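>>> model the following, please.
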Amino acid sequence: MAAISLAGCELGVATAATQIEGGNADTNWHRWAKLPGQVADNTSPTRAADHWNRVDSDIELLQRLGVKHYRMGLEWARIEPAPGVYDTAAIDHYVDELKKLKAAGIKPLVTLHHFSNPGWLESTGGWLKAHTIGVFERYVHRVVEAFEDLATDWITVNEPNVYALKGFIEGEWPPGRKSLADGVKVMEHLAYAHIIAYKLIHDMQPAANVGAAHHLRVFRPAQAWNPVDQASSAAQEWLFQSALVRAMSAGKFLPPFKQPKYIRPGRYYDFHGINYYGPSEVHFLSNGAGKGVPVNDLGWEIYPQGLAELAKRIHKAYPGPIYITENGTADANDSFRPLFIFDHLKAALESGAPIARFYHWCFTDNWEWTEGESARFGLLGLDYDTQERVWRDSAAFYADISANNGVTEDAYTRWVASRSYRYS
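Down below sits the predicted model:
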């Protein structure tokens with residue numbers, strides 16, 4: 001197996017505040033987890049990885065991994081616990097974390113919204129209501145002002161399509177609504193909010209680096225010859241991602257969205273963030289994993305080439321740097337994660353697209369939304385009872401890639417060659 005060079009692509013790891021911080025912030029997810037049956041293992045984000053109290057030791061682990069970049073999220077409910085009321089102690093905590101990352105030589109990529117809303121915002125309708133766009137703008141202004149030059153790389157919104165699908169169409173996430181019309185409206189509002197935030201951040205930091213983290217999938221008909229599956233696959237791709245990416249990147253809101261009155265077509269990205277976990281095989285109105293394919297612990301199909309396909313497609317439509325802002329897999333035994341990392345990194349780097357950064361999801365095991373503590377995505381394992389971080393083989397492999405600026409023959413032999421996927 002030939003060695004792989006990172007060739008200008010820099011490695012990082014990704015996290016989200018609600019999933020790792022712990023604590024009793026009043027968020028939509030803390031409230032949701034208290035409802036019977038909403039989380040698979042009945043856990044809540046109150047424990048998570050206790051990162052809020054372990055910033056120093058976690059940064060030491062980031063240094064041990066050798067990564068140059070760290071994608072971190074902010075807990076809006078901590079920063080603004082009541083409408084227009086800002087907690088200076090919480091802001092200072094994030095400022096301190098940013099200073100420590102800078103001292104460690106690690107560049108932060110700060111996510112402003114990652115599925116989590118303050119409870120008070122959720123109670124007023126959240127992203128279903130247009131007024132939330134202005135509330136978000138106020139929050140963004142306060143954060144950028146407070147962080148000054150400690151953070152200049154920003155993600156405005158994480159996976160607005162997943163947030164809308166799970167919370168407003170399928171009803172599996174808060175607020176538990178089941179309405180296609182509501183889901184479309186939420187995506188429209190989040191796209192509008194991204195553009196407003198993009199312009200605001202550049203007004204405050206002219207040299208800022210701003211984008212969104214898009215959850216992208218390869219949609220394919222279950223039966224390639226079936227015109228119904230073909231049409232459904234194309235329609236699902238447009239509704240789930242293509243129309244939204246166009247709105248957020250180019251300011252062009254095409255059906256099912258409505259063009260906001262004060263938004264003009266333009267360029268509203270400095271980079272494209274791609275979160276990629278796998279493909280969707282479409283049969284009529286349903287989609288999921290194929291049959292006889294590699295799968296992870298959650299039954300998600302593993303298809304590394306899809307990452308290359310999407311990166312090329314995005315760059316052709318909207319030229320610019322691409323960050324793989326999330327890529328990882330649920331693998332509690334760490335049995336195939338090194339192979340997963342190798343295959344996806346290879347696909348990305350050989351795609352021909354300008355892949356500037358690659359962030360593995362996740363730094364450590366974390367509270368995985370409605371899967372709770374049961375799904376294990378971390379390079380580092382986590383004993384939730386003791387909060388001990390466990391150095392997995394995949395962490396050692398990732399650190400080796402960082403140290404050698406690529407995958408060496410020795411690293412491939414040591415960590416990858418003996419691994420294999422399991423099949424559905």
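
>>> remind me, longest helix of the chain?
helix 180-204 (DSSP state H).

>>> so which helix or strand takes in the nearest residue to residue 191 once chain neighbours are set aside?
Using CB to CB, 6 or more residues apart in numbering and skipping the chain neighbours, the partner closest in space to residue 191 is residue 247 (4.2 Å). In short, each C-beta sits where N, CA and C put it, glycine included. Under the criterion of DSSP states H and E, residue 247 resides in helix 243-250.

>>> put the alpha carbons of that helix into PDB.
Extracted C-alpha coordinates of helix 243-250, given in PDB (Å, rounded to 0.1, in the frame of the first residue of the first chain):
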ATOM      1  CA  ALA A 243     -31.300  23.800  -2.500                       C
ATOM      2  CA  LEU A 244     -30.100  24.700   1.000                       C
ATOM      3  CA  VAL A 245     -26.400  24.800   0.000                       C
ATOM      4  CA  ARG A 246     -27.300  27.100  -2.900                       C
ATOM      5  CA  ALA A 247     -29.300  29.400  -0.700                       C
ATOM      6  CA  MET A 248     -26.500  29.600   2.000                       C
ATOM      7  CA  SER A 249     -23.600  29.800  -0.500                       C
ATOM      8  CA  ALA A 250     -25.000  32.000  -3.200                       C
END
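
>>> report the distance from it to the chain centre.
Relative to its chain's centre, helix 243-250 lies at 17 Å (CA atoms, centre = their mean, to the nearest Å).

>>> returning to that earlier point: tell me the helices and strands packed up against the longest helix of the chain.
strand 107-113, helix 131-147, strand 153-158, helix 160-164, strand 209-215, helix 243-250 (3 or more CB pairs under 8 Å, 6 or more residues apart in numbering; DSSP states H and E).

>>> would CSV of these with mean neighbour count and mean pLDDT be doable?
Formatted as CSV, the helices and strands packed on helix 180-204 follow (neighbours: other CB atoms under 10 Å; pLDDT from 0 to 100):
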stretch, mean neighbour count, mean pLDDT
strand 107-113, 23, 98
helix 131-147, 18, 98
strand 153-158, 24, 98
helix 160-164, 24, 98
strand 209-215, 24, 98
helix 243-250, 23, 98
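
>>> contact partners of stretch 276-296?
215-223, 228-229, 232-233, 236, 299-303, 306-307, 310, 324, 326-331, 336, 340, 344, 421-424 (CB atoms under 8 Å, 6 or more residues apart in numbering).

>>> nope, stretch 198-214 is what I meant
Identification of contacts with stretch 198-214 by CB under 8 Å, 6+ apart yields 111, 137, 140-141, 144-145, 149, 152-161, 194, 197, 241, 244-245, 248, 268-275, 314, 323, 325-326.

>>> let me know the secondary structure of the residue of the chain positioned farthest from its centre.
Within the chain, the residue lying farthest from the chain centre (CA atoms, centre = their mean) is residue 225, at 33.9 Å. At residue 225 the chain is in coil, as set by DSSP: H, G, I helix; E, B strand; the rest coil.

>>> and the gap between it and residue 217?
Residue 225 sits 22 Å away from residue 217, going by CB to CB, to the nearest Å.

>>> cool, and residue 88?
Residue 88 is 41 Å from residue 217, by CB to CB.

>>> and the two? Which one has more around it.
residue 217 (21 against 10; other CB atoms under 10 Å).

>>> who does the closest residue to the more buried one other than its chain neighbours bridge with?
The shortest distance from residue 217 to any non-neighbouring residue, by CB to CB, 6+ apart, is to residue 280 (4.9 Å). Beta-bridge partners for residue 280, by DSSP bridges, are residue 219.

>>> and the pLDDT for residue 291?
The per-residue pLDDT reported for residue 291 equals 84.

>>> which stretch of helix or strand covers it?
Going by DSSP H and E, residue 291 is not in any helix or strand.

>>> who touches residue 264 in this structure?
By CB under 8 Å, 6+ apart, the neighbours of residue 264 are residue 251.

>>> ok, now how distant is it from residue 189?
Residue 264 sits 18 Å away from residue 189, going by CB to CB.

>>> same question for residue 311.
27 Å.

>>> likewise residue 117?
12 Å.

>>> then residue 300?
Distance from residue 300 to residue 189, by CB to CB: 28 Å.

>>> what about these two, which has more around it?
Set side by side, residue 300 and residue 189 show more neighbours around residue 189, with 23 against 19, by other CB under 10 Å.

>>> about what we covered before: quick one: residues in contact with the following helix or strand past the helix holding residue 247.
Once the chain leaves helix 243-250, the next helix or strand it forms, by DSSP H and E, is strand 272-275. Contacts with strand 272-275, where a contact means CB under 8 Å, 6+ apart, come from 155, 158-159, 211-216, 249, 307, 310-311, 314-315, 318, 320-327, 361.
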